[in-house]
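Undergrad: just need the structure, nothing else, for what follows:
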Amino acid sequence: MTEREGVVMDQLQQIHRAVNKQHLKITLLTFFAIAWLIPDSRWAITGALGFEPFYRGKPSSYWQEVYRAREAGNQGKSILSRGWNDNWLTTAVGYSVVSNPALELQNLLHRDDGEAVPVLMELLKEGDDKMRRSAVLALGRRRARAKAAVPQLISLHDQKAIEDDPFGRAMHQIDPEKAKRLGIPEPQWSDPLPQEDWKYY
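TA: Purely as a prediction, here's the structure:
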């Protein structure tokens, strides 16, 4: 191979590497563009970038928005008393093209799995009193699985950000021994929740 041929070969290799890099960039950009167009993927990307806790593949910001939208759509009625307007959600808000936000929200608030605890602890930080109350009652459902939330619950109660009744219920469900040591009155379990709490529980 002559010197000139060697120079030409080097140039061709450089062009080939540049083309491969360009193809890779285009492929990656296309992948992220498609992923961003899918609401479930978009929530996952934004949640991961914000280092948010996840529950069932959805970040805490998703649950905050779903809760707010559900409350707004209910016009003050129970979150369990009306159906979810899927068309409105998918077109105007775009939460999900495959998920059922109403059912997912019920799972977050009503199940007893420990997987939801980090997300519920994030919801406690919200300035929305209704959302915070729902999170307190939902943490109580997790019982001992929610012990990591106890310091946060106590702090919020000391700041008067949580009312006595939901706080007492949650504490006696999560850590009854600590609740007794702190002198937290035990709820009358035979009494139903106050009527206004059913929309949060």
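Undergrad: contacts and neighbour counts: CA atoms only from here.
TA: Will do.
Undergrad: quick one: residue 151 from residue 104, how far?
TA: 27 Å (C-alpha to C-alpha, to the nearest Å).
Undergrad: tell me which of the two has more neighbours.
TA: Between residue 151 and residue 104, residue 104 has the larger neighbour count (other C-alpha atoms under 10 Å), namely 16 against 10.
Undergrad: can you show me the CA trace of the host helix or strand of that one as CSV?
TA: Assigned by DSSP states H and E, residue 104 belongs to helix 101-110. The C-alpha trace of helix 101-110 is given here as CSV (Å, rounded to 0.1, in the frame of the first residue of the first chain):
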residue,chain,number,x,y,z
PRO,A,101,-55.2,6.0,37.2
ALA,A,102,-58.3,5.6,39.3
LEU,A,103,-57.5,2.0,40.1
GLU,A,104,-53.9,2.7,40.7
LEU,A,105,-54.7,5.5,43.1
GLN,A,106,-57.0,3.2,45.1
ASN,A,107,-54.1,0.7,45.3
LEU,A,108,-51.8,3.3,46.6
LEU,A,109,-54.3,4.4,49.3
HIS,A,110,-55.8,1.1,50.2
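Undergrad: which helices and strands sit right next to it?
TA: helix 60-74, helix 129-142 (3 or more C-alpha pairs under 8 Å, 6 or more residues apart in numbering; DSSP states H and E).
Undergrad: between that helix and helix 60-74, how big is the angle?
TA: Between helix 101-110 and helix 60-74, the angle comes out at 110 degrees (axes from the mean of the first three to the mean of the last three C-alpha atoms, to 10 degrees).
Undergrad: next secondary structure after helix 101-110?
TA: Remark: after helix 101-110, the chain's next helix or strand is helix 117-123, criterion DSSP H and E.
Undergrad: what's next to that next one, contact-wise?
TA: The set of residues that contact helix 117-123 without belonging to it, under C-alpha atoms under 8 Å, 6 or more residues apart in numbering, is 53-55, 59-60, 64, 131-132, 135-136, 138-139, 142, 145-146, 149, 152.
Undergrad: what about 10 Å?
TA: 52-55, 58-61, 63-64, 108-109, 131-139, 142, 145-150, 152-153 (C-alpha atoms under 10 Å, 6 or more residues apart in numbering).
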